[in-house]
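Undergrad: Could you work out the structure for the sequence below:
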Amino acid sequence: MTKMSKFITNFSSNIDYDKDYTLKELSKLLTKVYNDTYKKKKEPSKYNLFIKENIIKLKKEFPDKNGMELMKMASENWQVEKVAEEIKNLF
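TA: This is a model prediction of the structure:
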């Protein structure tokens, strides 16, 4: 199946033929179907996964900290983990 065929099939399955769409609604639907069909989904990096998990833990531990502070702490933790992993790989 070509990407255009996939796009049309995807669009057809997402549209309600009994509904009158506004231009804005149709545009939003077409954009969603286009992105689902043509744009590659990038896998999160080790860093992204680490930060996501670490921020959840840090929020529980430090509920009074704001997002910027939590991100700074998480990125510092990443640096520590990275250095520890490099040292571990040396031996």
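
Undergrad: Can you list the helices and strands that the longest helix belonging to the chain packs against?
TA: Counting residues, the longest helix found in the chain (DSSP state H) is helix 67-90. Counting contacts by 3 or more Cβ pairs under 8 Å, 6 or more residues apart in numbering; DSSP states H and E, helix 67-90 packs against helix 46-61. (C-beta placed from N, C-alpha, C; glycine too.)

Undergrad: if I pick Lys52, what's in contact with it?
TA: Pro44 (Cβ atoms under 8 Å, 6 or more residues apart in numbering).

Undergrad: rewinding a little: of all the residues in the longest helix of the chain, which ones are buried?
TA: Along helix 67-90, these residues count as buried under the neighbour rule (16 or more other Cβ atoms under 10 Å): 70, 73-74, 77.

Undergrad: Also stretch 44-60?
TA: 50-51, 54-55, 58.

Undergrad: Nearest residue to the middle of the protein?
TA: Pro44 (7.2 Å; Cα atoms, centre = their mean).

Undergrad: For Leu70, see how far away the residue lying closest to that residue once chain neighbours are set aside is.
TA: For Pro44, ignoring the flanking residues on the chain, the nearest one in space by Cβ to Cβ, 6 or more residues apart in numbering is Lys52 at 7.6 Å. Counting by Cβ to Cβ, to the nearest Å, the separation of Lys52 from Leu70 is 11 Å.

Undergrad: ok, now Phe50?
TA: Following Cβ to Cβ, the distance that separates Phe50 from Leu70 is 13 Å.

Undergrad: what does Ile15 give?
TA: 41 Å.

Undergrad: Quick one: classify Lys40 as helix, strand or coil.
TA: Recorded secondary structure, Lys40: coil (DSSP: H, G, I helix; E, B strand; the rest coil).

Undergrad: Burial check on it, number of neighbours?
TA: By other Cβ atoms under 10 Å, 5 other residues sit near Lys40.

Undergrad: wait, what's in contact with it?
TA: Applying Cβ under 8 Å, 6+ apart, no residues contact Lys40.
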